[in-house]
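**Q** Sequence and predicted structure are below.
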Amino acid sequence: MKNLLPIGLVILSMNCMAQQSPQQMIDAFFTAYKKDAGKAVKELYQTNVWTERIKDDIENVANKLNGFTLDYVGKYYGYELITSKKFASSFELYSYLIKYDRQPIRFTFKFYKPDDKWVLYAFQFDDSFSTEIEEAAKLYNQDLDK
């Protein structure tokens, strides 16, 4: 029995030190988002101690996401990855299409790894990406030499 205690402590400490990747953080966010969007946002921001300074802004984002009610945007159907970009070994961006009855919404996550731990650098959402899609489809943005 005495030998089990040190083994248990080692296993427990390994779980505590396990590094979450940006993708794991996003997966946890979307799991929580299904139940409570505002809480999911707050938990995501808790990965970065510097966000303590912007509590009011985080609360504002949480309230806006909680406003995506059945009456406002319809039923939530899930999400799809639009793109992910790795800008360096320490900075990554993920963009997701969030599917609602009324319209899609885009969530953008930016993660930064200043030392040995990934943290949320920024989170934003918008519904204006359809303008970007229209712009990308214009002739002057096409390779017509094909």
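**A** Arrived safely.

**Q** Mind naming the longest strand for this protein?
**A** The longest strand of the chain (DSSP state E) is strand 76-88.

**Q** can you state the direction angle for the helix or strand that it is followed by and strand 76-88?
**A** Sequence order places strand 91-100 as the next helix or strand after strand 76-88, per DSSP states H and E. Strand 91-100 and strand 76-88 are oriented at 170 degrees to each other (axes from the mean of the first three to the mean of the last three CA atoms, to 10 degrees).

**Q** Pairing partners for strand 91-100, with directions?
**A** Paired with strand 91-100 in the same sheet, following DSSP bridges, are strand 76-88 (antiparallel), strand 104-112 (antiparallel).

**Q** can you dump the C-alpha coordinates of it into CSV?
**A** These are the backbone C-alpha positions of strand 91-100, laid out as CSV (Å, rounded to 0.1, in the frame of the first residue of the first chain):
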residue,chain,number,x,y,z
PHE,A,91,1.4,31.1,-33.0
GLU,A,92,-1.6,29.4,-34.5
LEU,A,93,-5.0,30.6,-35.9
TYR,A,94,-8.1,28.5,-36.3
SER,A,95,-11.3,29.7,-38.1
TYR,A,96,-14.6,27.8,-37.8
LEU,A,97,-18.0,28.0,-39.4
ILE,A,98,-20.7,27.8,-36.7
LYS,A,99,-23.9,26.5,-38.2
TYR,A,100,-27.3,27.9,-37.1
